[in-house]
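Enquirer: Predicted model, plus sequence, below.
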Amino acid sequence: ASLLDNSFDGYILLTEAMNEIVNKFRKPNIVIEGIAVIEEEEQKKTQKKRAILYAGGLTHDNGIEILLDGFVEMDQPETELWIYGEGPLEDLVKTYAAKHPNVIFQGIRPHEEILEREKEAKLLISPRFSNNEFTKYSFPSKIIEYMSSGTPAILTRLPGIPDEYFDYVYVLNDESASGVKKMLTELLLIHQKELDSKGEKARKYIYEHKDSLQQGRKIITFVRQIGRGGK
């Protein structure tokens, strides 16, 4: 570890907490959570469907059980849950889908298709548990993808996500099936115009601060500073 600590003049990090592990000598660093590819113009209006979408790994850590249980307990047959992804809980998802017609398992699909479906959904959700140690050192790429879609996202307060992101999403503080049920029930009562406004503010935030041009400028400026001895 000491060899690595002394081998670099600066660090480009995914989260602030990574400093504790890889940058023990507190050399210059910058945090770049991710890079978005997003169009500048306001999105064309997409016909929304009464659906909640999840895309990602089908694992316990990602909160798949509480998502499935909370959604089913909500008991709204007219609302659909679209699940994209694969993982060890795939059979569980298929079991729920077989018993509940409004739980729709999509599996692995082309990325372009998922992006389009994210725009069609009413809400996007990522109920990953925040108490796992690794969440301090990770920033899920799905967060930027969700926020870029213009559809409002529901996220847990993962320690690896900078605080400013939470101004533009709905925060799931109660990481349980009952918490999911309560939040989805409340949000589905909100007028679509208000949901659209929330999603559009998130999309603009990503475009203005996290797109490839903005993030690239930050990296170039940082590298130049390192080249000038950190001045």
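Expert: Happy to help now that I have it.
Enquirer: what's whatever helix or strand Arg224 lives in in contact with?
Expert: Taking DSSP states H and E as the criterion, the element that holds Arg224 is helix 212-227. Residues outside helix 212-227 that contact it (CB atoms under 8 Å, 6 or more residues apart in numbering) are 9-10, 12, 28, 30, 32, 34-37, 208, 231. Every residue, glycine included, has its C-beta placed from N, CA and C.
Enquirer: Any stretches of this protein with poor pLDDT?
Expert: Where the chain drops to pLDDT under 70, the residues are 1-6, 38-44, 230-231.
Enquirer: Helices along that one, start to end?
Expert: Remark: helices of the chain, listed N- to C-terminal, are 2-5, 19-22, 64-74, 90-99, 111-120, 141-148, 177-187, 192-210, 212-227; assignment by DSSP state H.
Enquirer: could these go into TSV alongside distance to Phe105 and mean neighbour count?
Expert: Formatted as TSV, those follow (distance: least, CB to CB, whole Å; neighbours: other CB atoms under 10 Å):
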stretch	distance to Phe105	mean neighbour count
helix 2-5	42	10
helix 19-22	37	13
helix 64-74	10	21
helix 90-99	4	15
helix 111-120	13	15
helix 141-148	18	23
helix 177-187	18	18
helix 192-210	25	17
helix 212-227	33	13
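Enquirer: got the contact list for Lys181?
Expert: When contacts are taken as CB under 8 Å, 6+ apart, Lys181 is in contact with 70-71, 73-74.
Enquirer: roughly how far apart are Ser141 and Gly229?
Expert: The gap separating Ser141 from Gly229 is 33 Å, by CB to CB, to the nearest Å.
Enquirer: out of the helices of the chain, nearest to Ala51?
Expert: Shortest distance between Ala51 and the helices of the chain, using CB to CB, is found for helix 111-120: 7.2 Å.
Enquirer: And for Lys142, nearest residue in space, chain neighbours not counted?
Expert: Of all residues not flanking Lys142 in the chain, Gly56 sits nearest, at 5.4 Å (CB to CB, 6 or more residues apart in numbering).
Enquirer: Test my guess that Gly10 contacts Phe25.
Expert: No. Taking CB atoms under 8 Å as the definition, Gly10 is not a contact partner of Phe25, at 11.2 Å.
Enquirer: quick one: which of those two has more around it?
Expert: Per other CB atoms under 10 Å, whichever of Gly10 and Phe25 has more neighbours is Gly10, with 16 against 8.
Enquirer: ok, how many other residues are close to Thr59?
Expert: A total of 16 residues lie near Thr59 under the criterion other CB under 10 Å.
Enquirer: check contacts around it.
Expert: With contacts defined as CB under 8 Å, 6+ apart, the neighbours of Thr59 are 87-89.
Enquirer: the inter-axis angle of the helix holding Arg224 versus helix 192-210?
Expert: An angle of 30 degrees separates the directions of helix 212-227 and helix 192-210 when computed by axes from the mean of the first three to the mean of the last three CA atoms, to 10 degrees.
Enquirer: How far away from the center of its chain is helix 212-227?
Expert: Mean-position distance between helix 212-227 and its chain equals 24 Å (CA atoms, centre = their mean, to the nearest Å).
Enquirer: Quick one: residues contacting Ile14.
Expert: In this structure residue 14 is Leu, not Ile. Contact partners of Leu14, counting by CB under 8 Å, 6+ apart, are 31-34, 137-139, 160.
Enquirer: at 7 Å instead, please
Expert: With contacts taken as CB atoms under 7 Å, 6 or more residues apart in numbering, Leu14 has the following neighbours: 33, 138-139.
Enquirer: how far away is it from Pro77?
Expert: Applying CB to CB, one obtains 41 Å for the distance of Leu14 from Pro77.
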